[in-house]
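Chemist: From the sequence below, what's the structure:
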Amino acid sequence: FTRLRFRGAALLGSDCETYLLEKSRVVHQAPGERTYHCMYGLAAHSSSLDLSKMRYTRDGDLETREIEGVDDKDRHLAAWAALGTCGVDEVARNALAGGLEAVARLGQVAFRGDDAAVVEVGPDLDAGARALGVSASALGEALVSRTVTTAGETIATPRTPTAAASTRDALAKGLYLRCFDWVVERTNEATATFDEDSTACGLLDIFGFERFDVNRFEQLCINYCNEKLQYF
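Modeler: Residues are numbered from 1 along each chain as shown. From the prediction side, this is the model:
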C-alpha cells in the first residue's frame, strides 16, 4: 500500500506499507509462474547462480526473459540504480545481493538419514551461513534439530529429513522477507515526508484472484481480500 503525499498539485513524497508478501513463491512456483523478478536479474549478473539447477526455481518459468518490454538484466540495473538514488550505498547493495543469493542457495542444502536428519555440508550451506552471519556448523545444527527450553533445562530434539527441509524452506522465506522489508524501509527513509498539511492518495497493489492446483494459505488470504475489496 503506497501513499502519495501532496500539497495542492505538488507531490511532496510517499511512503509504503506491506501487509502480505506471497512468500510461498520464494520456494515454489506453479507451472508457468516465476519467482520474484529480482532473482532473475541477480542471476543474469552472476555467473555462479544458475536458476535452472536451483531447487527453488528450476520448476518455474525459466523461458521468459522480458516483462513489459524490459529484460531481467536491465530491470536489475534500474532497480540497483534506484536504490543508489535512495541513498543505499554499494556496500549495502552488495549485502542485499548476498542475502538474495543465499535464499536461492539455501534451497540446495540437502539432508540424509531416516529418523534424525544429517545436513550435507557444502558451498550452499556456507553461502547461507555467511549471509546470516553465523558458522556453517551452527546453521546446519539449527536446521536439523529443535531446541526447547523449559524450567531452565534445554532439550534438543532431532528433526526428520522432511522436517529439516521444511525448516530450511521457512528460513529461506523469512530471509527473503527481511530483505524485502529492508528495501521498503530504506525507500521510505528517502521518500517520506512529515508535512502535516499534506493530503494523501492511496494506491493498493494486490495480486489478482487466482486458483491453482494447490492453493496455499497465502493465496486464500489474497483471494479473500480481493472479494472484500469489491465492496470497499
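
Chemist: I'd like to check which residues are in contact with the residue nearest the centre of the chain.
Modeler: In the chain, the residue lying closest to the centroid (C-alpha atoms, centre = their mean) is Y176, at 2.6 Å. Counting by C-beta atoms under 8 Å, 6 or more residues apart in numbering, Y176 makes contact with 23, 26, 36, 100, 103. In short, each C-beta sits where N, CA and C put it, glycine included.

Chemist: Find the residue closest to V118 in space, skipping its chain neighbours.
Modeler: R112 (5.3 Å; C-beta to C-beta, 6 or more residues apart in numbering).

Chemist: pLDDT score assigned to the residue nearest to the centre of the chain?
Modeler: Looking at Y176, its pLDDT reads 95.

Chemist: Quick check: buried residues in the strand or helix carrying it?
Modeler: According to DSSP states H and E, Y176 maps onto helix 161-191. By 16 or more other C-beta atoms under 10 Å, the buried positions in helix 161-191 come out as 161, 163-165, 167-169, 171-173, 175-176, 179-180, 183-184, 186-188, 191.

Chemist: residue boundaries of the helices in this protein?
Modeler: Under the criterion DSSP state H, the chain contains helices at 24-27, 37-44, 72-85, 90-106, 123-132, 136-144, 161-191, 217-229.

Chemist: Export these as CSV, with columns for distance to R3.
Modeler: Below are the helices of the chain laid out as CSV (distance: least, C-beta to C-beta, whole Å):
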stretch, distance to R3
helix 24-27, 25
helix 37-44, 23
helix 72-85, 19
helix 90-106, 24
helix 123-132, 32
helix 136-144, 38
helix 161-191, 10
helix 217-229, 17
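
Chemist: do you know which of these lies nearest D50?
Modeler: helix 37-44 (7.2 Å; C-beta to C-beta).

Chemist: Please name the residues that touch the nearest residue to A43 once chain neighbours are set aside.
Modeler: Nearest non-adjacent residue to A43, counting by C-beta to C-beta, 6+ apart: L49, 4.5 Å away. By C-beta under 8 Å, 6+ apart, L49 lies in contact with 42-43, 101, 104.

Chemist: Cheers, nothing more for now.
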